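Engineer: predicted coordinates and the sequence they were generated for:
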Amino acid sequence: GLKWLNEIRDSRVPNKKNLREDLLNSKADPGRKYTAPYMTGMVGLAYNKAATWRDITKIDDLWDPAFKGRVSLLSDVQDGLGMIMQWQGNSVEDPTTESITKAVDFIREQKDKGQIRRFTGNDYADDLAAGNIAVAQAYSG
């Protein structure tokens, strides 16, 4: 609305034709005139089976007391917080102040209880492999 962005000219992005149809639009930018998808996929859970002694199959597993102090979440608000918002039954495409606050408060509670060891970018792999982290929010793309 402030006219701070320039439209992306399709002529400068010849590979746009390779995008999947569902990536050609965004609620924030219908028609993708100003934005382009950087990556697609989902945030998932990665785990070190030697540290968990079992398969991790759901977000609830992050809060298992057996993994206290050995859980990492992504520091990226969109990815890390988004997973928690969805787990709580809230939309990431149409967030509200209340749904964001609910997710932030829950994460803060888990951090304060010592369940969460740390927040990471894409640097969780070494701690995960070493067993310092048993379960991590991780990029699956």
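Structural biologist: Happy to help now that I have it.

Engineer: if you count neighbours, what's buried in the biggest helix by length in the chain?
Structural biologist: In terms of residue count, the longest helix belonging to the chain (DSSP state H) is helix 97-112. By 16 or more other CB atoms under 10 Å, the buried positions in helix 97-112 come out as Ser99, Ile100, Lys102, Ala103, Phe106, Ile107, Gln110. Heads up, the C-betas are built off the backbone N, CA and C, glycines and all.

Engineer: show me the strands in this structure, by range?
Structural biologist: 43-47, 71-74, 116-120, 135-139 (DSSP state E).

Engineer: so in that sheet, which strands flank the shortest one, and in what orientation?
Structural biologist: Paired with strand 71-74 in the same sheet, following DSSP bridges, are strand 116-120 (parallel), strand 135-139 (parallel).

Engineer: so for the first one, mean pLDDT?
Structural biologist: Averaging pLDDT along strand 116-120 gives 96.

Engineer: tell me which residue is most central in this protein.
Structural biologist: Asp79 (2.1 Å; CA atoms, centre = their mean).

Engineer: could you check how far Ile107 is from Lys33?
Structural biologist: Ile107 is 34 Å from Lys33, where distance means CB to CB, to the nearest Å.
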